[in-house]
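Colleague: This is a predicted model, with the sequence first.
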Amino acid sequence: MADANLAFGTLLLLIFPLALLALLALIVRPRPVKIPLKNRHVFITGGSSGIGLALAHAAAAAESARVSILARSLDKLEEARDSIRLATGIEAAIYAADVRDFDAVKKAVDSAGPIDVLIVNQGVFFAGELEKQELSEVRFMIDVNLLGSFNVVKAALPGMKSRSDRRPVSIALMSSQAGQVGVYGYTAYSASKFGLRGMAEALQHEVIADDIHVSLIFPPDTETPGLAEETKTRPPLTSIIAASSGAMKADEVARKCFDGIKLGSFFVPCNFEGAMLAIATAGLAPQRSPLMAFVEVVAIGLMRVVALFFQWNWYGSITKFASKNK
Amino acid sequence: MISDLISAVRLMTDTFFWVGLGSQSGASIVFQKMADAKLAFVALLVLFPLALLALLALIVRPRPVKIPLKNRHVFITGGSSGIGLALAHMAAAAEGARVSILARSLDKLEEARNSIRLATGIEAAIYAADVRDFDAVKKAVEAAGPIDVLIVNQGIFVPGELENQELSEVRFMIDVNLMGSFNVVKAALPGMKSRSDRRPVSIALMSSQAGQVGVYGYTAYSASKFGLRGMAEALQHEVIADDIHVSLIFPPDTETPGLAEESKKRPPLTSIIAASSGAMKAEEVARKCFDGIKVGSFFVPCNFEGAMLAIATAGLAPQRSSLMAFLEVTLMGLMRLVALFFQWNWYGSIAKYASKNK
């Protein structure tokens, strides 16, 4: 009897996960995809500095793609083009436009020619309590990070839908760990980055029939000129709380970004904390990989406990800071 | 390798069994061990959840709160129709609160005030302002006086594929639903932070099930409603020290004039997919809303599907209720599985529709 119980139990312990994995392999949608980058056209907004510039370098050198970068400042674009030419020998096309100006973006996109990988990467960030922040700063973040992304996608979409090269293509939206969790000082920035997820989930529904694959990239603080500027004005509590996740180098983020784009992954985390966050916040996001789906189903409960511990820690810091500064 | 493992385990238990049978006391020892093992297993099955619940009770933040509404001031934006008007009625009648409503149209505000007076005898204060105009909102908020429950409820929804939608419509939804909410909160926050009545107060943001999942035809609307969550998670960090409690309300399609208008323009696929969740009456949504506000719940779902979505999308949202936290931890895995089934169903509908219409 003991034999039977033990054997049965062991069988169950092994069969159940395998059955779950098999079920997930059947139901995960959209289906897995491979998006080739070699000799294809990568168009990067916010491409003159920071993560965008690192993406342009990586696209040219590592991925052998044709590269176009869009940004506001012609000077910085020319510097970027020089830097890419110096490092890779490749001539990036440059387009000066403000993403808040749809017509300018449309002109740039039309000049650039058919786009295979659209990386909507422009972004601005000012940390600050909503109580203290100027509404003009709030509006700036939402206009550039969210509305600007709508402008870019809307400009590029017709061309991508009606492309002659019918191989799979990608729309990648640069989010942030602040688009996975909102913390002290991030009301406007997190609002803009969470908004990208709402757009992305719906957009993937709308473009899957044209073999267009949407990815959301979730970098942590990344060592860029933007970060250097922003840390000067961070509220103390923001620094305390945001320190929970380490910083990365821009080229590491670029590497993870292209790894994810090439598989059409909907969520593309860039480091360990990002991967934990991606599991915790899986929600109703689509998942192409049965293995990743399995990890999500099995680990999301534990991740929720970890999340609650983080909030316990953060609210503790807030209380401590508040009592010290009354 | 696995069969070797099973054989090894069977050998061990065989040895125990036969050695034990060799003597009377030996046999009883073996049976005692089996009974012990079962007992230990059952004890574990009961103790583990209790231990988890105890742990969660210790760590859930912010702590539970009760927010009284009687004779307090409820300020509702988008309060002249739909869910907002139902909230105003309920605040006045069921909750015994002082009510202010803000909306764009003075005519609709006067109609609303009459309707509230007729139904409840209570005189609601009305303020005409467009939430996109911060100065107008600020004037209204200051005229209204100290606010105890701020319900940021205004919202616009125009369905449509991003490819087919005008950017002016996208901008409209984001300006009213998201930027407008920033305007309202920013206008009310100083007064709420420096209030003389230091009892707990509430900022409730009207989201939507479309703020829990984005589906076909909802790029702009879901963007605006997901944005509210990002704002809310950060805002709660910033205002907890002032005993201000943030709630996100997640109604499904609700039977309002707004819904009637919007359904006329829905793309077919949106109707197919959105039908996955049933519609509710505005009064039912209002009831759930106040239930949630009164306990300072961060997530306030309004129906069963909403509750499932709330668990699935718990992510890093705060949770005050240890019981709810326990349900989240134990059920999220299953909810993720259900979510993947929904996407399997939705992408199937999309593929079927696409092939029919090529």
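Modeller: Noted; the coordinates are in hand.

Colleague: nearest spatial neighbour of the residue of the stretch 201-326 of chain A found nearest chain B, skipping sequence neighbours?
Modeller: In the stretch 201-326 of chain A, the residue that lies nearest chain B is A:Glu201 (3.0 Å; Cβ to the nearest Cβ). Bear in mind the C-beta positions are built from the backbone N, C-alpha and C, glycine included. Distances taken as Cβ to Cβ, 6 or more residues apart in numbering or on different chains place B:Gly214 nearest to A:Glu201, at 3.0 Å, with adjacent residues excluded.

Colleague: about what we covered before: and the residue of the stretch 201-326 of chain A closest to chain B, which of the three is it?
Modeller: helix (DSSP: H, G, I helix; E, B strand; the rest coil).

Colleague: How about A:Gly128?
Modeller: Here A:Gly128 is recorded as coil under three-state DSSP.

Colleague: ok, now A:Val214?
Modeller: A:Val214 falls in the strand class when you classify it by three-state DSSP.

Colleague: That one reaches A:Ala202, doesn't it?
Modeller: No: between A:Val214 and A:Ala202 there is no contact under Cβ atoms under 8 Å: 9.5 Å.

Colleague: Those two: which has the busier surroundings?
Modeller: A:Ala202 (28 against 25; other Cβ atoms under 10 Å in any protein chain shown).

Colleague: Can you name the residues that contact the more buried one?
Modeller: Contacts for A:Ala202 (Cβ atoms under 8 Å, 6 or more residues apart in numbering or on different chains) come out as B:162, B:214-219, B:222-223.

Colleague: 7 Å instead, please
Modeller: Neighbouring residues of A:Ala202 by Cβ atoms under 7 Å, 6 or more residues apart in numbering or on different chains: B:214-219, B:222.

Colleague: Can you name the next helix or strand after the lowest-mean-pLDDT helix or strand in chain A?
Modeller: Sorting the helices and strands of chain A by mean pLDDT, DSSP states H and E puts helix A:225-232 at the bottom, at a mean of 84. Using DSSP states H and E, the helix or strand that follows helix A:225-232 towards the C-terminus is helix A:236-242.

Colleague: Now the helix or strand harbouring A:Asp75: buried residues?
Modeller: Per DSSP H and E, A:Asp75 falls inside helix A:74-88. Neighbour counts over helix A:74-88 (16 or more other Cβ atoms under 10 Å in any protein chain shown) mark A:76-77, A:80-81, A:83-84, A:88 as buried.

Colleague: can I get those residues in TSV with pLDDT?
Modeller: Shown next, in TSV, are these (pLDDT from 0 to 100):
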residue	pLDDT
A:Lys76	98
A:Leu77	98
A:Ala80	98
A:Arg81	98
A:Ser83	97
A:Ile84	97
A:Thr88	93
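
Colleague: Next, count neighbours for A:Ser64.
Modeller: Neighbour tally, A:Ser64, other Cβ under 10 Å: 13.

Colleague: Quick check: the gap between it and chain B.
Modeller: 30 Å (Cβ to the nearest Cβ, to the nearest Å).

Colleague: That residue and A:His41 touch, don't they?
Modeller: No: in this structure, A:Ser64 is not within contact of A:His41 by Cβ atoms under 7 Å, at 11.6 Å.

Colleague: okay, the least confident helix or strand of chain A in CSV with CA atoms only?
Modeller: Taking C-alpha atoms only, helix A:225-232 is exported to CSV below (Å, rounded to 0.1, in the frame of the first residue of the first chain):
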residue,chain,number,x,y,z
PRO,A,225,22.9,61.5,-19.7
GLY,A,226,19.2,61.5,-19.0
LEU,A,227,19.7,59.6,-15.7
ALA,A,228,22.6,61.9,-14.6
GLU,A,229,20.3,64.9,-15.1
GLU,A,230,17.3,63.4,-13.4
THR,A,231,19.1,62.1,-10.3
LYS,A,232,20.1,65.7,-9.4
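
Colleague: what does it rub up against?
Modeller: A:49-50, A:125-127, A:221.

Colleague: ok, now stretch A:125-145?
Modeller: Against stretch A:125-145 from outside (Cβ under 7 Å, 6+ apart): A:99-100, A:122-124, A:185-189, A:191-193, A:226, A:230, A:233-235, A:238, B:134, B:174, B:178-179, B:182-183, B:185-186, B:189-190, B:193, B:235, B:238.

Colleague: Kindly check the end-to-end length of it for me.
Modeller: Start-to-end span of stretch A:125-145 (Cα to Cα, to the nearest Å) is 9 Å.

Colleague: quick one: buried residues of the strand or helix carrying A:Gly274?
Modeller: A:Gly274 belongs to helix A:272-280 when assigned by DSSP H and E. For helix A:272-280, a neighbour-count test (16+ other Cβ under 10 Å) marks A:273-280 as buried.

Colleague: Could you do stretch A:19-26 as well?
Modeller: A:20-21, A:23-24.

Colleague: just to revisit the earlier point, measure how the helix holding A:Asp75 sits relative to helix A:225-232, angle-wise.
Modeller: On the basis of axes from the mean of the first three to the mean of the last three Cα atoms, to 10 degrees, helix A:74-88 is oriented at 120 degrees to helix A:225-232.

Colleague: Summarise which helices and strands helix A:74-88 is packed against.
Modeller: Here helix A:74-88 touches helix A:50-61, strand A:66-71, strand A:93-96, going by 3 or more Cβ pairs under 7 Å, 6 or more residues apart in numbering or on different chains; DSSP states H and E.

Colleague: Count the neighbours of A:Gly46 for me.
Modeller: Number of residues near A:Gly46 (other Cβ under 10 Å) recorded here: 27.

Colleague: Phi, psi for it please.
Modeller: When read as degrees, to the nearest 10, the backbone of A:Gly46 gives phi 60, psi 40.

Colleague: Quick one: residues contacting it.
Modeller: Residues counted as contacts of A:Gly46 (Cβ under 7 Å, 6+ apart) are A:52, A:71, A:121-123.

Colleague: what would these look like in JSON lines with pLDDT?
Modeller: Shown next, in JSON lines, are those (pLDDT from 0 to 100):
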{"residue": "A:Gly52", "pLDDT": "97"}
{"residue": "A:Ala71", "pLDDT": "98"}
{"residue": "A:Asn121", "pLDDT": "98"}
{"residue": "A:Gln122", "pLDDT": "98"}
{"residue": "A:Gly123", "pLDDT": "96"}
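
Colleague: Which of these ranks first by neighbour count?
Modeller: For the contacts of A:Gly46, counting by other Cβ under 10 Å, the largest number of neighbours falls to A:Asn121: 28 neighbours.

Colleague: which is the next helix or strand following the helix holding A:Gly274?
Modeller: As assigned by DSSP H and E, the chain's next helix or strand after helix A:272-280 is helix A:290-324.
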